[in-house]
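Participant: Just a sequence and a predicted model for now, questions to come.
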Amino acid sequence: ALLASGPITYDLTAKQLPIRNENGDIEVRMFYVSYEKKGADPTKRPVMFCFNGGPGSATIWLHVGVLGPKRVPFADDGNSLQPPFQSVDNKESWIDIADIVAVDAPAAGFSRLASPSLGSRYFGVRQDIAAFTNFVREWLTEHNRWRSPIFIAGESYGGIRGSGLVGSLYNAGIPVNGFISISGTSNYQTLRSARGNDLFYTSFIPTMATTAWYHKKLGPRFRTVEQVRDEVIAFVEGDYLIALNKGDALPMAEQEKVAAKLSEFLGVSKEYCLASNLRPSLGAYYRELLKDDRLQFGRLDSRIVGLVETGVGGGGPGGGDPSDQAMTHGWFRSRRTMRMARAETGEAFVGCPAVGTAFRGGFAGGRRLGGGFFGGLPALDQGANVALEDLGQVVVAVELVLVGDAGKALDGLGDGHVAISEGFIKRRG
């Protein structure tokens, strides 16, 4: 791979690692893809275990969007390029500073439970942390990396998982060197608005303000996004938080003053801020900010916009999230055709399933979740379980893909040979 610092060579492994119970029985096979720099001193070379959140998302987003040596291509503004899509070298890959282990949570991606009846042992906050603890222990042993510096990186729900994992690993005798929270959460009160929970508004308003600046909805005195950020944070942590804490006791004159300031930062009318009780709904703001243009901005990337059918109404991105829609096809088509250069690695990664579609159990009281992690993506059917677990010792000319019927996960698309044994995938040819 070609990084900003120059070329790098690495060993690549794509494998299901069996996790056993106290009786030695395999309960789950956790899928991972690891990149280890060739010739590095393992006592000095860090290893970073990374995962996306959900809970229930495969780790393809971090793997081929941020961390790995290959990535999905996007335009500078976050939009997909025109098809056909091709993977490109990721010059900002973290393999420049650490070996990477991208891990799928139990029942997400290519991780598989031995039996659906085991869901209650793995679908829960503590159960999930315990599974990752066991995975890290087994991976360090299998790869002989107990003397390496260890880091954890988690995105979104991975902030909660990673925080708990650091403590769990410490209790298991595996102290880590650091935890990186990537747009992570550690408290759901910052994500869910509810009566009496004003932390949500203080958390989101700075991002809403910088979004308004990007779309040129703020006044001319705001020259840079840094200026907007600094001023709105000072306002949120000062006058705004004080006003919210006063509740109904806030005098009308102060309400007017705070609403005027919100209007200035958010690019919407003072009347709108007053009508929202100084607590503008993020779901409605997706459309309110750009309603005069009959547009809405995206949830995953607020730079991206999409058309709306009507100029009234609200309550979330109507017709879907424009940023999700802009990204998805580039991800799927690039990932289905991605091959690692054999000249660099001696091996090639064979494939990975559609993002987050294999999660078949919920964290809320063990309740099953219908459909995929993102709207419009079907959950994998039971036939997909044979893709790695039940094939035994075979050699087939394939690239591992998921198209249409998930039970047909092995299609004869590749030009090499894939040996699948005990969940281990290696291309040779």
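Facilitator: Received, thanks. Numbers count the residues shown, from 1 in each chain.
Participant: Now the residue of the chain most remote from its centre: phi and psi?
Facilitator: No residue in the chain sits farther from the centre than A253, which is 43.3 Å out by CA atoms, centre = their mean. The phi/psi pair for A253 (degrees, to the nearest 10) reads phi -60, psi -40.
Participant: Next one: it, what pLDDT does it get?
Facilitator: In this model, A253 is scored at 95, pLDDT.
Participant: That one and K217, how far apart?
Facilitator: The spacing between A253 and K217, counted by CB to CB, to the nearest Å, is 26 Å. In this view, the C-beta of every residue, glycine as well, is placed from N, C-alpha and C.
Participant: picking that back up, compute the distance between the residue farthest from the centre of the chain and A259, please.
Facilitator: In terms of CB to CB, A253 sits 11 Å off from A259.
Participant: Where does pLDDT dip in the stretch 251-400 of the chain?
Facilitator: 310-319, 330-400 (pLDDT under 70).
Participant: coming back round to it: look up how far A243 lies from the residue farthest from the centre of the chain.
Facilitator: For A253, the distance to A243 - CB to CB - is 11 Å.
Participant: what's the answer for A194, then?
Facilitator: From A194 to A243 the distance is 18 Å (CB to CB).
Participant: quick one: which of those two has more around it?
Facilitator: A243 (20 against 10; other CB atoms under 10 Å).
Participant: Got the confidence number for the more buried one?
Facilitator: 95.
Participant: Just confirm it contacts M252, I think it does.
Facilitator: No: applying CB atoms under 8 Å as the test, A243 and M252 come out as separate, 11.8 Å apart.
Participant: and for stretch 39-47, what are the contacting residues?
Facilitator: 9, 36-37, 97-99, 101, 140, 143-145, 147-151, 177 (CB atoms under 8 Å, 6 or more residues apart in numbering).
Participant: Go through those and flag which are in helices.
Facilitator: Applying DSSP state H to the contacts of stretch 39-47, the entries found in helices are L140.
Participant: Give me the buried entries from the contacts of stretch 39-47.
Facilitator: Among these, those scoring as buried are 36-37, 98-99, 101, 140, 143, 145, 148-151 (criterion: 16 or more other CB atoms under 10 Å).
Participant: tell me which of the residues you listed is nearest to M30?
Facilitator: V101 (10.6 Å; CB to CB).
Participant: show me the contacts for the closest one.
Facilitator: 32-34, 47-50, 139.
Participant: quick one: the helices in this structure?
Facilitator: Using DSSP H, helices in the chain cover 60-62, 119-122, 125-142, 158-171, 199-214, 225-235, 241-246, 252-266, 270-275, 282-288, 322-337, 342-345.
Participant: what's the spacing between the fourth one and its chain's center?
Facilitator: To tie it back to what came earlier, the one meant is helix 158-171. 17 Å (CA atoms, centre = their mean, to the nearest Å).
Participant: Mind exporting the C-alpha coordinates of that helix to PDB?
Facilitator: Coordinates of each C-alpha in helix 158-171 appear next as PDB, following Å, rounded to 0.1, in the frame of the first residue of the first chain:
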ATOM      1  CA  GLY A 158     -18.000   1.700  20.200                       C
ATOM      2  CA  GLY A 159     -17.400   4.500  22.700                       C
ATOM      3  CA  ILE A 160     -19.500   2.600  25.300                       C
ATOM      4  CA  ARG A 161     -18.100  -0.700  24.300                       C
ATOM      5  CA  GLY A 162     -14.500   0.600  24.300                       C
ATOM      6  CA  SER A 163     -14.800   2.300  27.700                       C
ATOM      7  CA  GLY A 164     -16.100  -0.900  29.200                       C
ATOM      8  CA  LEU A 165     -13.600  -3.000  27.300                       C
ATOM      9  CA  VAL A 166     -10.600  -1.100  28.700                       C
ATOM     10  CA  GLY A 167     -11.800  -1.900  32.300                       C
ATOM     11  CA  SER A 168     -12.700  -5.500  31.400                       C
ATOM     12  CA  LEU A 169      -9.300  -6.100  29.800                       C
ATOM     13  CA  TYR A 170      -7.500  -4.600  32.900                       C
ATOM     14  CA  ASN A 171      -9.400  -7.000  35.100                       C
END
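Participant: what's it packed up against?
Facilitator: On a contact count with 3 or more CB pairs under 8 Å, 6 or more residues apart in numbering; DSSP states H and E, helix 158-171 meets strand 47-51, helix 125-142, strand 150-155, strand 178-182.
Participant: Comparing the ones you listed, which comes out most buried?
Facilitator: Burial of those is given as mean neighbour count (mean count of other CB atoms under 10 Å); strand 47-51 ranks first at a mean of 26.
Participant: Taking their axis directions, that one and strand 150-155 sit at what angle?
Facilitator: 20 degrees (axes from the mean of the first three to the mean of the last three CA atoms, to 10 degrees).
Participant: Direction included, what does strand 47-51 pair up with?
Facilitator: Its sheet considered, strand 47-51 pairs with strand 99-103 (parallel), strand 150-155 (parallel) by DSSP bridges.
Participant: Please work out the average pLDDT along that strand.
Facilitator: On average, strand 47-51 scores 96.
Participant: Also stretch 138-149?
Facilitator: Computed over stretch 138-149, the average pLDDT equals 96.
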